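J.: following is a predicted model, sequence given first.
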Amino acid sequence: MLGIFLKEANLQVHAAPYDSQGGVVDANVQVNVASRKVSPEELHVCTLTVTVTALTQADKRLVYVAAVTFEALCRLASMADTVREAALNGTVPSQLVPYCREALVSLIGKSGHAPFMLPHMLFENKPIDPATEPRPVVH
């Protein structure tokens, strides 16, 4: 990898102030992986976006929506297309997860809400056909 970049960080707080001590929050995590070739020299950009939507457990009111997007610039030359796709859909996004986790903990925690810990994510190291499979597998 040539570089890892924070592309976007966004926090929308809908229930402020919210008593996080007295209320229980359910979090829904959405993950999106995308990649594109950016130069003829086999430079690729892999993008990982993680969005967390938190709702109150009791009445399902929206508490906050937090989203972070990280990009990795990498050179993937002299490899078969299937190996390149496996790297862009598995290896590279897996290396971006800790950065997303830290950014979400910081964003959400500094807003006064209980810190959110991004769960472990398993990205399968195989080419993915978007028509038949979801992109990442989140466990």
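T.: Yep, it's here.
J.: what is the residue positioned nearest the centre of the chain paired to in the beta sheet?
T.: For the chain, the residue nearest the mean C-alpha position is residue 50 (2.7 Å; C-alpha atoms, centre = their mean). Counting by DSSP bridges, residue 50 is bridged to residue 31, residue 68.
J.: residue 66 contacts residue 13, doesn't it?
T.: No. Contact criterion C-beta atoms under 8 Å: residue 66 and residue 13 do not qualify, at 9.1 Å. (Each C-beta comes from the backbone N, C-alpha and C, glycine too.)
J.: can you pull the poorly scored residue ranges out of the chain?
T.: Within the chain, the stretches with pLDDT under 70 are 15-24, 124-139.
J.: let's see that with 50 instead.
T.: 126-128, 130, 132-139 (pLDDT under 50).
J.: can you pull out the strands in the protein?
T.: Remark: strands assigned in the chain by DSSP state E are 3-13, 25-37, 43-56, 62-75, 121-122, 137-138.
J.: remind me, longest helix of this protein?
T.: Assignment by DSSP state H gives helix 92-110 as the longest helix of the chain.
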